[in-house]
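>>> Take this sequence and fold it.
(one chain, ligands or ions: 5)
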Amino acid sequence: MLGFLKREGCDSLICLWAMLLLLPLQVSPHGHDQSGTRGHSIPDRPKLLLVSFDGFRCDYIYRVPTPNFHILKDEGVMVDQVENIYITKTFPNHYTLVTGVYAETHGIVANEMFDSSLNQSFSMETDSRFDSHWWEEAVPLWVTVQKAGRRSGAVMWPGTDVKIHGVYPSKYLPYNSSVSFESRVEQIIEWFSGPEEEAVDFGVLYWEEPDESGHRLGPQSSQMDEVIAGIDEKVGFLINELKKAGLYEKMNLIVTSDHGMTQLFADNIIELDEYVSRDLYMWVDKSPVVGILPKEGKLEEVYNKLLDANPNMMVYRKEEMPPRYHYQHNSRIMPIILEAKEGWTIMQNRTGHFMLGNHGYDNTLRSMQPVFVARGPAFRQNHVKPFMRSVDIYPLMCHILSVRPLPNNGSLLNVQDLLAPEPVTSTPSVPPRAEEYSYAPVVGCFLSVVMVIGFLMVFIREVTLRQLPSLQHRRREMSQPLLQEDLHL
Ligand SMILES: *[C@@H]1O[C@H](CO)[C@@H](O)[C@H](O)[C@H]1NC(C)=O
Ligand SMILES: *[C@@H]1O[C@H](CO)[C@@H](O)[C@H](O)[C@H]1NC(C)=O
Ligand SMILES: *[C@@H]1O[C@H](CO)[C@@H](O)[C@H](O)[C@H]1NC(C)=O
Ligand SMILES: *[C@@H]1O[C@H](CO)[C@@H](O)[C@H](O)[C@H]1NC(C)=O
Ligand SMILES: [Zn+2]
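Ligands and ions are numbered 1, 2, ... in the order given. Model (predicted):
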(Lines give C-alpha, C1' and ligand atoms only; values in the text may rest on other atoms or scores of the structure.)
(Ligands and ions follow the chains in the order given, each with its own letter.)
Protein backbone atom coordinates (compact mmCIF):
# COMPACT_ATOMS: atom_id res chain seq x y z
CA MET A 1 0.00 0.00 0.00
CA LEU A 2 2.88 2.29 0.77
CA GLY A 3 4.76 1.22 -2.34
CA PHE A 4 4.18 4.44 -4.23
CA LEU A 5 6.04 6.41 -1.56
CA LYS A 6 9.26 4.85 -2.75
CA ARG A 7 8.61 5.98 -6.29
CA GLU A 8 11.51 7.73 -7.85
CA GLY A 9 11.34 11.47 -7.62
CA CYS A 10 8.66 11.46 -4.95
CA ASP A 11 8.45 14.88 -3.48
CA SER A 12 9.37 14.62 0.15
CA LEU A 13 6.70 17.07 1.24
CA ILE A 14 3.93 15.17 -0.47
CA CYS A 15 5.31 11.96 0.97
CA LEU A 16 4.93 13.43 4.39
CA TRP A 17 1.32 14.41 3.81
CA ALA A 18 0.56 11.01 2.36
CA MET A 19 2.05 9.41 5.46
CA LEU A 20 -0.12 11.61 7.60
CA LEU A 21 -3.19 10.37 5.79
CA LEU A 22 -2.16 6.75 5.98
CA LEU A 23 -0.96 6.66 9.56
CA PRO A 24 -4.27 5.75 11.16
CA LEU A 25 -4.44 2.72 8.85
CA GLN A 26 -0.94 1.58 9.68
CA VAL A 27 -1.19 1.61 13.45
CA SER A 28 -4.42 -0.34 13.67
CA PRO A 29 -3.64 -3.62 15.40
CA HIS A 30 -5.20 -6.97 14.69
CA GLY A 31 -6.17 -9.46 17.29
CA HIS A 32 -7.34 -7.43 20.22
CA ASP A 33 -8.67 -9.77 22.86
CA GLN A 34 -12.15 -9.61 24.31
CA SER A 35 -11.16 -7.10 26.97
CA GLY A 36 -13.19 -4.50 25.11
CA THR A 37 -12.64 -0.84 24.58
CA ARG A 38 -10.51 -0.04 27.62
CA GLY A 39 -12.85 2.44 29.14
CA HIS A 40 -12.68 5.25 26.59
CA SER A 41 -16.05 6.79 26.06
CA ILE A 42 -17.14 6.16 22.53
CA PRO A 43 -20.04 8.18 21.22
CA ASP A 44 -22.67 6.58 19.00
CA ARG A 45 -21.08 3.27 18.31
CA PRO A 46 -23.21 1.47 15.73
CA LYS A 47 -25.54 -1.13 17.23
CA LEU A 48 -26.95 -4.09 15.38
CA LEU A 49 -29.45 -6.73 16.43
CA LEU A 50 -30.03 -9.72 14.16
CA VAL A 51 -33.21 -11.65 14.89
CA SER A 52 -34.24 -14.97 13.39
CA PHE A 53 -37.71 -16.48 13.57
CA ASP A 54 -36.99 -20.04 12.54
CA GLY A 55 -38.91 -21.17 9.46
CA PHE A 56 -40.60 -17.82 8.74
CA ARG A 57 -41.33 -18.16 5.05
CA CYS A 58 -41.08 -15.02 2.90
CA ASP A 59 -44.79 -14.85 2.04
CA TYR A 60 -46.12 -15.32 5.59
CA ILE A 61 -46.26 -11.55 6.06
CA TYR A 62 -49.03 -11.35 3.45
CA ARG A 63 -51.06 -14.26 4.74
CA VAL A 64 -52.59 -12.58 7.77
CA PRO A 65 -52.30 -8.96 8.91
CA THR A 66 -48.75 -8.50 10.19
CA PRO A 67 -48.73 -4.82 11.20
CA ASN A 68 -45.42 -5.01 13.04
CA PHE A 69 -43.49 -6.54 10.18
CA HIS A 70 -45.02 -3.81 8.03
CA ILE A 71 -43.89 -1.08 10.42
CA LEU A 72 -40.32 -2.32 10.05
CA LYS A 73 -40.73 -2.55 6.29
CA ASP A 74 -42.20 0.96 5.97
CA GLU A 75 -39.70 2.55 8.32
CA GLY A 76 -36.88 0.59 6.76
CA VAL A 77 -36.25 -1.91 4.00
CA MET A 78 -37.60 -5.23 2.86
CA VAL A 79 -36.17 -7.75 0.43
CA ASP A 80 -38.83 -9.61 -1.55
CA GLN A 81 -36.78 -12.63 -2.42
CA VAL A 82 -33.85 -13.80 -0.32
CA GLU A 83 -32.07 -16.78 -1.79
CA ASN A 84 -30.74 -18.68 1.19
CA ILE A 85 -28.21 -21.51 1.01
CA TYR A 86 -28.44 -25.19 0.27
CA ILE A 87 -29.34 -27.21 2.20
CA THR A 88 -32.26 -25.13 3.43
CA LYS A 89 -31.92 -26.42 6.99
CA THR A 90 -31.56 -24.58 10.27
CA PHE A 91 -27.94 -24.96 11.31
CA PRO A 92 -26.36 -24.49 7.86
CA ASN A 93 -28.38 -21.33 7.21
CA HIS A 94 -27.93 -19.75 10.63
CA TYR A 95 -24.19 -20.23 10.30
CA THR A 96 -24.22 -18.67 6.83
CA LEU A 97 -26.00 -15.58 8.15
CA VAL A 98 -23.12 -14.91 10.55
CA THR A 99 -20.23 -16.00 8.29
CA GLY A 100 -21.32 -15.05 4.75
CA VAL A 101 -20.10 -18.34 3.31
CA TYR A 102 -21.81 -21.38 1.83
CA ALA A 103 -22.19 -24.54 3.89
CA GLU A 104 -19.36 -26.30 2.04
CA THR A 105 -17.05 -23.52 3.29
CA HIS A 106 -18.29 -23.04 6.87
CA GLY A 107 -18.53 -26.78 7.44
CA ILE A 108 -21.93 -26.94 9.14
CA VAL A 109 -23.24 -28.80 6.12
CA ALA A 110 -26.34 -30.23 7.83
CA ASN A 111 -28.19 -30.49 11.14
CA GLU A 112 -26.87 -34.05 11.44
CA MET A 113 -23.37 -34.79 10.15
CA PHE A 114 -20.78 -37.51 10.12
CA ASP A 115 -17.03 -37.03 9.91
CA SER A 116 -15.61 -40.23 8.42
CA SER A 117 -11.99 -39.38 9.14
CA LEU A 118 -12.69 -38.88 12.86
CA ASN A 119 -15.52 -41.44 13.05
CA GLN A 120 -17.61 -38.80 14.84
CA SER A 121 -21.20 -37.69 14.51
CA PHE A 122 -22.69 -34.23 14.95
CA SER A 123 -26.30 -33.68 15.83
CA MET A 124 -27.99 -30.43 16.71
CA GLU A 125 -29.91 -32.45 19.27
CA THR A 126 -26.96 -33.89 21.20
CA ASP A 127 -23.98 -32.56 23.13
CA SER A 128 -21.85 -33.20 20.03
CA ARG A 129 -22.86 -29.71 18.95
CA PHE A 130 -20.63 -28.26 21.69
CA ASP A 131 -17.58 -29.82 20.05
CA SER A 132 -15.66 -26.80 18.71
CA HIS A 133 -14.01 -28.47 15.75
CA TRP A 134 -17.29 -28.71 13.82
CA TRP A 135 -17.63 -24.92 13.88
CA GLU A 136 -14.10 -23.79 13.24
CA GLU A 137 -13.93 -24.00 9.45
CA ALA A 138 -15.29 -20.44 9.56
CA VAL A 139 -15.26 -17.50 11.96
CA PRO A 140 -18.68 -16.19 13.01
CA LEU A 141 -19.26 -12.45 13.19
CA TRP A 142 -19.44 -12.32 17.00
CA VAL A 143 -15.85 -13.59 17.18
CA THR A 144 -14.69 -10.98 14.66
CA VAL A 145 -16.55 -8.22 16.50
CA GLN A 146 -14.85 -9.20 19.75
CA LYS A 147 -11.42 -9.44 18.16
CA ALA A 148 -11.96 -5.86 16.98
CA GLY A 149 -12.30 -4.87 20.62
CA ARG A 150 -16.08 -4.72 20.78
CA ARG A 151 -18.75 -6.82 22.38
CA SER A 152 -21.47 -9.22 21.34
CA GLY A 153 -24.48 -10.79 22.99
CA ALA A 154 -26.31 -13.95 21.94
CA VAL A 155 -29.58 -15.54 22.93
CA MET A 156 -30.03 -19.10 21.68
CA TRP A 157 -28.64 -18.55 18.18
CA PRO A 158 -27.12 -21.82 16.90
CA GLY A 159 -23.45 -22.03 17.78
CA THR A 160 -23.41 -19.16 20.26
CA ASP A 161 -23.01 -21.43 23.28
CA VAL A 162 -20.03 -23.16 21.70
CA LYS A 163 -16.43 -22.07 22.13
CA ILE A 164 -15.35 -21.15 18.60
CA HIS A 165 -11.74 -20.19 17.89
CA GLY A 166 -11.19 -19.89 21.60
CA VAL A 167 -14.08 -17.57 22.49
CA TYR A 168 -17.73 -17.44 23.42
CA PRO A 169 -19.87 -14.36 22.74
CA SER A 170 -19.13 -11.66 25.36
CA LYS A 171 -22.60 -12.39 26.77
CA TYR A 172 -24.73 -15.41 25.94
CA LEU A 173 -27.40 -17.72 27.27
CA PRO A 174 -26.88 -21.46 26.83
CA TYR A 175 -29.54 -22.96 24.60
CA ASN A 176 -32.76 -23.70 26.45
CA SER A 177 -35.95 -24.00 24.42
CA SER A 178 -38.07 -23.38 27.55
CA VAL A 179 -36.96 -19.77 27.87
CA SER A 180 -39.78 -17.55 26.61
CA PHE A 181 -39.38 -15.11 23.76
CA GLU A 182 -40.11 -12.26 26.14
CA SER A 183 -37.27 -13.28 28.49
CA ARG A 184 -34.91 -13.59 25.56
CA VAL A 185 -35.76 -10.07 24.41
CA GLU A 186 -35.43 -8.65 27.92
CA GLN A 187 -32.04 -10.31 28.28
CA ILE A 188 -30.59 -9.01 25.04
CA ILE A 189 -31.94 -5.50 25.66
CA GLU A 190 -30.31 -5.50 29.07
CA TRP A 191 -26.99 -6.33 27.44
CA PHE A 192 -27.42 -3.57 24.85
CA SER A 193 -28.32 -1.03 27.54
CA GLY A 194 -25.42 -1.50 29.91
CA PRO A 195 -22.79 1.20 30.55
CA GLU A 196 -20.81 1.98 27.41
CA GLU A 197 -17.79 -0.10 28.46
CA GLU A 198 -20.00 -3.12 28.99
CA ALA A 199 -22.80 -2.75 26.47
CA VAL A 200 -22.86 -5.11 23.53
CA ASP A 201 -22.61 -3.72 19.99
CA PHE A 202 -23.82 -6.77 18.09
CA GLY A 203 -26.60 -9.08 19.20
CA VAL A 204 -28.18 -12.24 17.81
CA LEU A 205 -31.56 -13.52 18.92
CA TYR A 206 -33.26 -16.76 17.95
CA TRP A 207 -36.83 -18.02 18.31
CA GLU A 208 -37.99 -21.57 17.39
CA GLU A 209 -41.31 -20.55 15.82
CA PRO A 210 -43.01 -20.67 13.34
CA ASP A 211 -40.78 -23.62 12.36
CA GLU A 212 -42.10 -26.02 14.99
CA SER A 213 -45.73 -25.37 14.14
CA GLY A 214 -44.95 -25.45 10.43
CA HIS A 215 -43.54 -28.97 10.75
CA ARG A 216 -46.40 -30.17 12.94
CA LEU A 217 -49.39 -28.58 11.19
CA GLY A 218 -48.07 -28.10 7.66
CA PRO A 219 -47.92 -24.57 6.24
CA GLN A 220 -51.26 -25.00 4.45
CA SER A 221 -53.11 -25.58 7.70
CA SER A 222 -55.42 -22.71 8.64
CA GLN A 223 -54.07 -23.02 12.19
CA MET A 224 -50.85 -21.51 10.87
CA ASP A 225 -52.61 -18.14 10.54
CA GLU A 226 -52.71 -17.81 14.28
CA VAL A 227 -49.08 -18.88 14.62
CA ILE A 228 -47.96 -16.24 12.12
CA ALA A 229 -50.06 -13.54 13.80
CA GLY A 230 -48.40 -14.59 17.06
CA ILE A 231 -44.94 -14.03 15.58
CA ASP A 232 -46.01 -10.58 14.43
CA GLU A 233 -47.05 -9.83 18.00
CA LYS A 234 -43.60 -10.91 19.13
CA VAL A 235 -42.05 -8.45 16.67
CA GLY A 236 -44.35 -5.83 18.22
CA PHE A 237 -43.13 -6.78 21.70
CA LEU A 238 -39.52 -6.41 20.55
CA ILE A 239 -40.21 -2.97 19.02
CA ASN A 240 -41.90 -1.85 22.22
CA GLU A 241 -39.14 -3.06 24.49
CA LEU A 242 -36.53 -1.36 22.31
CA LYS A 243 -38.54 1.88 22.57
CA LYS A 244 -38.89 1.57 26.33
CA ALA A 245 -35.13 1.10 26.63
CA GLY A 246 -34.50 4.15 24.40
CA LEU A 247 -32.77 1.94 21.86
CA TYR A 248 -35.26 1.89 19.01
CA GLU A 249 -33.87 4.92 17.16
CA LYS A 250 -30.21 3.92 17.61
CA MET A 251 -30.62 0.25 16.85
CA ASN A 252 -30.10 -1.30 13.46
CA LEU A 253 -32.55 -4.15 13.56
CA ILE A 254 -32.66 -7.03 11.06
CA VAL A 255 -35.54 -9.49 11.28
CA THR A 256 -35.10 -12.52 9.10
CA SER A 257 -35.15 -16.30 9.12
CA ASP A 258 -33.17 -19.35 8.05
CA HIS A 259 -35.60 -20.94 5.58
CA GLY A 260 -39.25 -21.39 4.63
CA MET A 261 -41.55 -24.41 4.84
CA THR A 262 -43.54 -26.54 2.42
CA GLN A 263 -46.52 -28.86 2.75
CA LEU A 264 -45.89 -32.62 2.77
CA PHE A 265 -48.35 -35.32 1.76
CA ALA A 266 -48.63 -38.72 3.37
CA ASP A 267 -48.81 -40.38 -0.05
CA ASN A 268 -45.56 -38.78 -1.16
CA ILE A 269 -43.14 -41.04 0.66
CA ILE A 270 -40.05 -42.61 -0.86
CA GLU A 271 -39.06 -45.79 1.02
CA LEU A 272 -35.39 -46.56 0.54
CA ASP A 273 -35.76 -50.10 1.87
CA GLU A 274 -37.58 -50.92 -1.34
CA TYR A 275 -34.44 -50.21 -3.35
CA VAL A 276 -31.36 -50.93 -1.27
CA SER A 277 -30.52 -52.91 1.86
CA ARG A 278 -29.76 -50.92 4.99
CA ASP A 279 -26.68 -53.10 5.50
CA LEU A 280 -24.96 -51.45 2.54
CA TYR A 281 -24.87 -47.86 3.78
CA MET A 282 -25.01 -45.45 6.67
CA TRP A 283 -27.83 -42.89 6.66
CA VAL A 284 -26.73 -39.35 7.58
CA ASP A 285 -29.12 -36.43 8.20
CA LYS A 286 -32.84 -36.39 7.56
CA SER A 287 -35.24 -35.93 4.67
CA PRO A 288 -35.53 -34.18 2.25
CA VAL A 289 -31.75 -34.16 1.62
CA VAL A 290 -30.15 -37.35 2.86
CA GLY A 291 -26.44 -38.10 2.93
CA ILE A 292 -25.63 -41.72 2.13
CA LEU A 293 -22.28 -43.16 3.22
CA PRO A 294 -21.91 -46.54 1.48
CA LYS A 295 -20.06 -49.27 3.35
CA GLU A 296 -16.49 -49.98 2.27
CA GLY A 297 -16.45 -50.98 -1.41
CA LYS A 298 -20.23 -50.60 -1.86
CA LEU A 299 -20.39 -47.16 -3.43
CA GLU A 300 -21.10 -48.30 -7.01
CA GLU A 301 -23.65 -50.87 -5.90
CA VAL A 302 -25.59 -48.44 -3.70
CA TYR A 303 -25.44 -45.68 -6.30
CA ASN A 304 -26.69 -47.96 -9.09
CA LYS A 305 -29.52 -49.29 -6.97
CA LEU A 306 -30.74 -45.81 -6.08
CA LEU A 307 -30.22 -44.06 -9.40
CA ASP A 308 -33.55 -44.02 -11.27
CA ALA A 309 -35.17 -45.85 -8.37
CA ASN A 310 -37.85 -43.21 -7.88
CA PRO A 311 -38.75 -40.29 -10.15
CA ASN A 312 -39.36 -38.06 -7.14
CA MET A 313 -35.86 -38.47 -5.80
CA MET A 314 -32.71 -37.00 -7.31
CA VAL A 315 -29.61 -39.08 -6.74
CA TYR A 316 -26.27 -37.33 -6.98
CA ARG A 317 -22.73 -38.43 -6.52
CA LYS A 318 -21.04 -35.73 -4.49
CA GLU A 319 -18.97 -34.74 -7.56
CA GLU A 320 -22.16 -34.31 -9.59
CA MET A 321 -23.95 -31.87 -7.29
CA PRO A 322 -25.34 -28.93 -9.29
CA PRO A 323 -22.71 -26.17 -9.03
CA ARG A 324 -25.34 -23.59 -8.03
CA TYR A 325 -25.80 -25.46 -4.73
CA HIS A 326 -22.18 -24.82 -3.70
CA TYR A 327 -22.54 -28.09 -1.83
CA GLN A 328 -19.66 -30.32 -2.70
CA HIS A 329 -16.25 -29.29 -1.42
CA ASN A 330 -16.32 -30.59 2.11
CA SER A 331 -15.48 -34.02 3.52
CA ARG A 332 -18.62 -33.79 5.68
CA ILE A 333 -20.74 -33.96 2.53
CA MET A 334 -21.46 -37.64 1.91
CA PRO A 335 -20.44 -39.50 -1.29
CA ILE A 336 -24.09 -39.90 -2.35
CA ILE A 337 -26.74 -37.24 -1.84
CA LEU A 338 -30.47 -37.93 -2.20
CA GLU A 339 -32.79 -34.98 -2.70
CA ALA A 340 -36.56 -35.35 -2.62
CA LYS A 341 -38.73 -33.26 -4.90
CA GLU A 342 -40.72 -30.58 -3.15
CA GLY A 343 -43.45 -32.10 -0.97
CA TRP A 344 -41.85 -35.56 -0.92
CA THR A 345 -40.29 -37.33 2.05
CA ILE A 346 -37.45 -39.86 2.00
CA MET A 347 -37.62 -42.54 4.69
CA GLN A 348 -36.27 -46.05 5.12
CA ASN A 349 -39.78 -47.35 5.70
CA ARG A 350 -43.09 -45.83 6.72
CA THR A 351 -42.82 -46.60 10.41
CA GLY A 352 -40.82 -43.47 11.26
CA HIS A 353 -42.19 -40.12 12.37
CA PHE A 354 -43.99 -38.30 9.57
CA MET A 355 -44.33 -34.52 9.51
CA LEU A 356 -46.81 -32.35 7.61
CA GLY A 357 -44.32 -29.60 6.81
CA ASN A 358 -40.64 -29.61 5.99
CA HIS A 359 -37.75 -27.66 4.46
CA GLY A 360 -34.29 -28.51 3.23
CA TYR A 361 -35.18 -28.63 -0.47
CA ASP A 362 -33.69 -26.67 -3.38
CA ASN A 363 -32.86 -23.15 -2.22
CA THR A 364 -34.25 -21.56 -5.37
CA LEU A 365 -37.80 -22.63 -4.44
CA ARG A 366 -39.79 -19.66 -3.13
CA SER A 367 -41.28 -21.89 -0.44
CA MET A 368 -37.79 -22.43 0.99
CA GLN A 369 -36.92 -18.75 1.24
CA PRO A 370 -37.03 -16.56 4.36
CA VAL A 371 -38.45 -13.15 5.18
CA PHE A 372 -36.13 -10.12 5.46
CA VAL A 373 -36.93 -6.69 6.90
CA ALA A 374 -34.55 -4.21 8.49
CA ARG A 375 -34.68 -0.73 9.94
CA GLY A 376 -32.43 1.69 11.79
CA PRO A 377 -30.04 4.59 11.19
CA ALA A 378 -27.98 2.60 8.69
CA PHE A 379 -30.94 1.65 6.50
CA ARG A 380 -32.96 3.44 3.90
CA GLN A 381 -36.63 4.03 4.56
CA ASN A 382 -39.61 2.57 2.78
CA HIS A 383 -37.52 0.71 0.24
CA VAL A 384 -38.24 -2.71 -1.22
CA LYS A 385 -35.45 -4.59 -2.94
CA PRO A 386 -36.47 -7.40 -5.29
CA PHE A 387 -33.67 -9.90 -4.65
CA MET A 388 -30.57 -10.70 -2.65
CA ARG A 389 -28.63 -13.72 -1.43
CA SER A 390 -28.40 -14.51 2.23
CA VAL A 391 -24.58 -14.57 1.93
CA ASP A 392 -24.77 -10.80 1.31
CA ILE A 393 -26.16 -10.16 4.79
CA TYR A 394 -22.74 -10.78 6.39
CA PRO A 395 -20.84 -8.05 4.50
CA LEU A 396 -23.84 -5.76 5.11
CA MET A 397 -23.62 -6.35 8.86
CA CYS A 398 -19.83 -5.88 8.85
CA HIS A 399 -20.31 -2.55 7.11
CA ILE A 400 -22.91 -1.41 9.62
CA LEU A 401 -20.67 -2.41 12.52
CA SER A 402 -17.53 -1.01 10.86
CA VAL A 403 -15.64 -4.25 11.20
CA ARG A 404 -13.52 -5.70 8.45
CA PRO A 405 -15.31 -8.67 6.87
CA LEU A 406 -13.41 -11.93 6.51
CA PRO A 407 -13.32 -13.52 3.05
CA ASN A 408 -16.88 -14.51 2.20
CA ASN A 409 -19.24 -15.40 -0.64
CA GLY A 410 -21.37 -12.28 -0.43
CA SER A 411 -20.79 -8.74 -1.60
CA LEU A 412 -21.61 -5.39 -0.06
CA LEU A 413 -22.11 -3.99 -3.56
CA ASN A 414 -25.11 -6.27 -4.03
CA VAL A 415 -26.88 -4.77 -1.04
CA GLN A 416 -25.55 -1.21 -0.99
CA ASP A 417 -28.98 0.08 -1.99
CA LEU A 418 -30.40 -1.07 1.35
CA LEU A 419 -28.25 1.48 3.13
CA ALA A 420 -29.16 5.07 3.93
CA PRO A 421 -27.65 7.37 1.27
CA GLU A 422 -25.63 9.35 3.83
CA PRO A 423 -23.30 6.81 5.33
CA VAL A 424 -23.76 6.90 9.08
CA THR A 425 -20.73 4.74 9.76
CA SER A 426 -17.25 4.76 8.32
CA THR A 427 -16.49 2.68 5.24
CA PRO A 428 -15.38 -0.91 5.76
CA SER A 429 -11.83 -0.22 4.61
CA VAL A 430 -11.35 1.87 7.74
CA PRO A 431 -10.60 -0.17 10.85
CA PRO A 432 -13.13 -0.37 13.67
CA ARG A 433 -13.60 2.77 15.68
CA ALA A 434 -12.70 1.09 18.93
CA GLU A 435 -9.22 0.47 17.61
CA GLU A 436 -8.80 4.04 16.50
CA TYR A 437 -9.93 5.28 19.85
CA SER A 438 -7.68 3.00 21.86
CA TYR A 439 -4.70 4.24 19.88
CA ALA A 440 -5.83 7.82 19.60
CA PRO A 441 -3.39 9.30 22.18
CA VAL A 442 -0.35 7.61 20.61
CA VAL A 443 -1.40 8.52 17.11
CA GLY A 444 -2.19 12.06 18.21
CA CYS A 445 1.28 12.66 19.69
CA PHE A 446 2.97 11.14 16.71
CA LEU A 447 0.93 13.20 14.27
CA SER A 448 1.74 16.42 16.11
CA VAL A 449 5.47 15.73 15.84
CA VAL A 450 5.14 14.83 12.18
CA MET A 451 3.10 17.95 11.48
CA VAL A 452 5.64 20.21 13.14
CA ILE A 453 8.39 18.65 11.05
CA GLY A 454 6.14 18.95 8.01
CA PHE A 455 5.58 22.68 8.52
CA LEU A 456 9.28 23.25 9.09
CA MET A 457 9.97 21.51 5.80
CA VAL A 458 7.37 23.56 3.97
CA PHE A 459 9.04 26.65 5.31
CA ILE A 460 12.58 25.58 4.39
CA ARG A 461 11.37 24.40 1.04
CA GLU A 462 9.52 27.59 0.18
CA VAL A 463 12.66 29.54 0.99
CA THR A 464 14.72 27.23 -1.23
CA LEU A 465 12.16 27.22 -4.08
CA ARG A 466 12.02 30.92 -4.21
CA GLN A 467 15.67 30.78 -5.12
CA LEU A 468 15.14 27.99 -7.70
CA PRO A 469 11.88 28.85 -9.56
CA SER A 470 12.27 26.03 -12.13
CA LEU A 471 11.74 23.42 -9.43
CA GLN A 472 8.33 24.86 -8.63
CA HIS A 473 6.95 23.64 -11.97
CA ARG A 474 8.23 20.19 -11.29
CA ARG A 475 6.48 20.08 -7.96
CA ARG A 476 3.10 20.95 -9.45
CA GLU A 477 3.36 18.23 -12.06
CA MET A 478 4.26 15.67 -9.46
CA SER A 479 1.42 16.43 -7.11
CA GLN A 480 -1.38 15.63 -9.56
CA PRO A 481 -1.03 11.84 -9.81
CA LEU A 482 -0.38 11.55 -6.12
CA LEU A 483 -3.48 13.47 -5.20
CA GLN A 484 -5.51 11.21 -7.42
CA GLU A 485 -4.00 8.20 -5.78
CA ASP A 486 -4.98 9.52 -2.40
CA LEU A 487 -8.59 9.62 -3.47
CA HIS A 488 -8.55 5.91 -4.19
CA LEU A 489 -7.49 4.98 -0.69
C1 LIG B 1 -16.63 -45.70 15.09
O2 LIG B 1 -17.34 -45.41 16.29
C3 LIG B 1 -18.30 -46.39 16.65
C4 LIG B 1 -19.00 -45.93 17.90
O5 LIG B 1 -19.42 -44.62 17.76
C6 LIG B 1 -17.62 -47.75 16.85
O7 LIG B 1 -18.59 -48.73 17.12
C8 LIG B 1 -16.81 -48.12 15.61
O9 LIG B 1 -16.08 -49.28 15.86
C10 LIG B 1 -15.87 -47.00 15.25
N11 LIG B 1 -15.22 -47.32 13.97
C12 LIG B 1 -13.92 -47.20 13.78
C13 LIG B 1 -13.41 -47.55 12.42
O14 LIG B 1 -13.17 -46.80 14.66
C1 LIG C 1 -34.55 -23.65 31.03
O2 LIG C 1 -35.40 -22.57 31.25
C3 LIG C 1 -36.48 -22.82 32.12
C4 LIG C 1 -37.40 -21.62 32.09
O5 LIG C 1 -36.68 -20.46 32.36
C6 LIG C 1 -35.93 -23.15 33.50
O7 LIG C 1 -36.98 -23.44 34.40
C8 LIG C 1 -34.99 -24.33 33.39
O9 LIG C 1 -34.38 -24.58 34.63
C10 LIG C 1 -33.92 -24.08 32.35
N11 LIG C 1 -33.16 -25.30 32.14
C12 LIG C 1 -31.84 -25.32 32.25
C13 LIG C 1 -31.19 -26.63 31.98
O14 LIG C 1 -31.20 -24.36 32.56
C1 LIG D 1 -39.46 -50.38 9.51
O2 LIG D 1 -38.20 -50.18 10.16
C3 LIG D 1 -38.21 -50.46 11.54
C4 LIG D 1 -36.83 -50.12 12.05
O5 LIG D 1 -36.54 -48.78 11.85
C6 LIG D 1 -38.57 -51.90 11.80
O7 LIG D 1 -38.61 -52.14 13.19
C8 LIG D 1 -39.90 -52.22 11.17
O9 LIG D 1 -40.18 -53.57 11.28
C10 LIG D 1 -39.92 -51.81 9.70
N11 LIG D 1 -41.26 -51.94 9.18
C12 LIG D 1 -41.53 -52.56 8.05
C13 LIG D 1 -42.98 -52.60 7.64
O14 LIG D 1 -40.66 -53.07 7.37
C1 LIG E 1 -16.62 -18.69 -0.83
O2 LIG E 1 -15.70 -17.92 -0.10
C3 LIG E 1 -14.61 -18.65 0.39
C4 LIG E 1 -13.79 -17.71 1.24
O5 LIG E 1 -13.34 -16.65 0.48
C6 LIG E 1 -13.82 -19.24 -0.76
O7 LIG E 1 -12.77 -20.02 -0.26
C8 LIG E 1 -14.75 -20.08 -1.61
O9 LIG E 1 -14.06 -20.56 -2.74
C10 LIG E 1 -15.95 -19.27 -2.05
N11 LIG E 1 -16.89 -20.13 -2.75
C12 LIG E 1 -17.36 -19.84 -3.94
C13 LIG E 1 -18.32 -20.79 -4.54
O14 LIG E 1 -17.03 -18.83 -4.54
ZN1 LIG F 1 -34.91 -23.68 10.90
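>>> Could you give the secondary structure assignment for the residue in the chain that ligand 4 sits nearest to?
Residue nearest to ligand 4 within the chain: residue 407 (3.2 Å; CB to the nearest ligand atom). All C-beta spots, glycine's among them, are computed from the backbone N, C-alpha and C. With DSSP: H, G, I helix; E, B strand; the rest coil as the basis, residue 407 sits in coil.
>>> ditto for residue 282
Under three-state DSSP, residue 282 falls in the strand class.
>>> got the contact list for it?
114, 292-293, 295 (CB atoms under 8 Å, 6 or more residues apart in numbering).
>>> Repeat that for residue 261.
Residues in contact with residue 261 (CB under 8 Å, 6+ apart) are 55, 57, 210-211, 214-215, 219, 357-359, 367.
>>> now residue 73
Residue 73 is in contact with 61, 373, 382, 384, counting by CB under 8 Å, 6+ apart.
>>> element containing it?
For residue 73, the enclosing helix or strand under DSSP states H and E is helix 67-75.
>>> Now the element after that helix, going C-ward?
Following helix 67-75 in sequence order, the next helix or strand is strand 77-83 (DSSP H and E).
>>> Show residues contacting the helix or strand just after that next one.
Next in sequence after strand 77-83, counting helices and strands by DSSP H and E, comes helix 90-97. Contacts to helix 90-97, defined as CB under 8 Å, 6+ apart, come from residues 50, 52, 54-55, 84-86, 102-103, 106, 108-111, 124, 135, 138, 140, 157-159, 206, 211, 256, 258-259, 370, 390-391, 393-394.
>>> now with 7 Å?
With CB atoms under 7 Å, 6 or more residues apart in numbering as the test, helix 90-97 has contacts from 50, 52, 54, 84-85, 102-103, 106, 108-111, 124, 138, 157-159, 258-259, 390-391, 393.
>>> hang on, the earlier thing: among the contacts of residue 73, name the ones in strands.
Within those, residues falling in strands by DSSP state E are 373, 384.
>>> nearest to residue 228, of the contacts of residue 73?
Nearest to residue 228 out of the contacts of residue 73 is residue 61 (CB to CB; 8.0 Å).
>>> so what's the closest one up against?
Each residue near residue 61 by CB under 7 Å, 6+ apart is listed here: 69, 371.
>>> how many neighbours does the residue of the chain closest to ligand 4 have?
By the criterion of other CB atoms under 10 Å, residue 407 has 9 neighbours.
>>> so what pLDDT did it get?
We have a pLDDT of 98 for residue 407.
>>> now it, nearest residue through space, not along the chain?
Excluding the flanking residues, the one nearest residue 407 by CB to CB, 6 or more residues apart in numbering is residue 101, at 8.0 Å.
>>> My read is that that neighbour contacts residue 405, right?
No: the criterion here is CB atoms under 7 Å, and residue 101 misses it with residue 405 at 10.7 Å.
>>> higher neighbour count, those two?
Neighbours per residue (other CB under 10 Å) separate residue 101 from residue 405, with residue 101 holding more: 23 against 20.
>>> for that one, what are its contacts?
For residue 101, the contacting residues are 138, 391, 408-409, by CB under 7 Å, 6+ apart.
>>> And the residues you listed, which two are furthest apart?
Using CB to CB, the pair of the contacts of residue 101 lying farthest apart is 138 and 391, separated by 11.7 Å.
>>> For the nearest residue to residue 102 once chain neighbours are set aside, the count of nearby residues, please.
Leaving aside its chain neighbours, residue 102 sits nearest to residue 326 (3.9 Å; criterion: CB to CB, 6+ apart). A total of 18 residues lie near residue 326 under the criterion other CB under 10 Å.
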